[in-house]
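1. 3D, please:
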Amino acid sequence: MIFTRQSVAFLGLGLISGSLASALRASGWQGELLGWGPREPSLKRGLELGIIDRYSLDLDEIIDSSDMLIIGAPPVATGDLLAELLPKAMASAHQPIVTDLASIKGWVIDRANCEYSRFVPGHPIAGSEDSGVAASRADLFSGREVILTPNADLDPIALQEVTAMWALTGARVTHMPVADHDAALAASSHSPHMLAYALTMALADDPLQPMQHGGGALRDMTRIAGSDPVMWRDIALTNRAALLTALTEVEGGLAHLKRLIEASDGSGMHAYFTRCRDVRRAHDRVLNPLFEQSDSNEESKP
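-> Here you go, the predicted structure:
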């Protein structure tokens, strides 16, 4: 599958979109990378870093100049921008392919409220607690999953091109219905972030200052609490129902564990912890793809 687009524009230039631009360039793809946004500083920084080739503050100019438009913004801003962008793309002479990077699909698609057959909703399952275009990494998507949520009316060429683009980054592409995506991500990504925030808040004002005495466990559990507050506010607001369901499931698991501890039920705790260890280890290839690749590379050395 070959990516044939010759010009790709990023509408919003931050960690994820900047990393995608960097990955495309690192892949050897020779097309032009453009940037657009409501604020110029991040675009200037992206140009200085060589992540994009040029930028404009004029959305119509970017639409006319690009074969593919990629929205890199928090969910609410993505939905608002799509509502403006898709009618313009549909009316343009060359009808560019449009895709997005938002971690919510249902709310974003509903907010866009436009049946444009060349819009491919997407979500790369990759990120960092860092933010901003300066934190971009060309290897961010290597071995990671990218979920596309195509509908029945989607132009197959648009789907093929978006899939081919992600293949250049080393990602693996899967397809899911919109509702399944939002429910799965509420459980796998959104609720862990909420738990990291809640744990950090619980420790923030403790007079014993446990944050100053933490080791690897606390570091790993609270790392994502350093993520972009705007992004996670938007995710909680736009995926509210699915997130509440996922958090209720976590509360049930925690309540069960508390009962085992209260009862000093050693055998019950052993069974609980063993089950958790087995589930986690069974998914290590997915959750640690770069680690797996490193192990494979080591094993293949003479």
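2. packing partners of the helix or strand hosting E161?
-> Per DSSP states H and E: E161 is located in helix 156-168. Applying 3 or more Cβ pairs under 8 Å, 6 or more residues apart in numbering; DSSP states H and E, we find helix 156-168 packed against helix 15-26, strand 68-71, strand 97-100, strand 119-120, strand 122-124, strand 145-148, strand 172-175. The way it works is simple: take the backbone N, C-alpha and C, and place the C-beta from them, glycine included.
3. mind running it again at 7 Å?
-> Contacting helix 156-168 under the criterion 3 or more Cβ pairs under 7 Å, 6 or more residues apart in numbering; DSSP states H and E are the following elements: strand 97-100, strand 119-120.
4. can you put those in CSV and add mean pLDDT, distance to W232 and mean neighbour count?
-> What follows is these, written out as CSV (pLDDT from 0 to 100; distance: least, Cβ to Cβ, whole Å; neighbours: other Cβ atoms under 10 Å):
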stretch, mean pLDDT, distance to W232, mean neighbour count
strand 97-100, 98, 17, 26
strand 119-120, 98, 25, 26
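5. per-residue confidence for G132?
-> If you check G132, the pLDDT there is 88.
6. where does it fall, phi/psi-wise?
-> Torsion angles at G132 (phi, psi; degrees, to the nearest 10) stand at phi 100, psi 150.
7. could you do A217 as well?
-> Torsion angles, degrees, to the nearest 10, at A217: phi -60, psi -50.
8. tally up the residues packed near it, please.
-> Neighbours of A217 under the rule other Cβ atoms under 10 Å: 8.
9. what about it, distance to S17?
-> Per Cβ to Cβ, to the nearest Å, A217 is found 33 Å from S17.
10. before we move on, what about W36?
-> Distance from W36 to S17, counting by Cβ to Cβ: 11 Å.
11. how about L254?
-> 36 Å.
12. higher neighbour count, the two?
-> S17 (26 against 11).
13. now do the helices in the stretch 101-250 of the chain.
-> For the stretch 101-250 of the chain, the helices defined by DSSP state H, counting those that start in this stretch cover 106-112, 156-168, 178-185, 191-204, 216-222, 229-238, 240-262.
14. quick check: which of those is nearest to R5?
-> With respect to R5, and counting by Cβ to Cβ, the nearest of those is helix 156-168 at 6.0 Å.
15. which parts of that closest one are buried?
-> For helix 156-168, the neighbour count (16 or more other Cβ atoms under 10 Å) marks A158, L159, Q160, E161, V162, T163, M165, W166, A167, L168 as buried.
16. with stretch 33-52 instead?
-> Within stretch 33-52, the residues scored as buried using 16+ other Cβ under 10 Å are L33, L34, G35, W36, G37, S42, L43, R45, G46, L47, I51, I52.
17. and the second one, that one's in a strand?
-> In other words, L34. Yes. Counting by DSSP: H, G, I helix; E, B strand; the rest coil, L34 is found in a strand.
18. now for it: which residues touch it?
-> Residues near L34 by Cβ atoms under 7 Å, 6 or more residues apart in numbering: S7, A9, I52, D53, R54, Y55, I62, S65, S66.
19. tell me the buried residues within the residues you listed.
-> Using 16+ other Cβ under 10 Å, the buried ones in the contacts of L34 are S7, A9, I52, Y55, I62, S65, S66.
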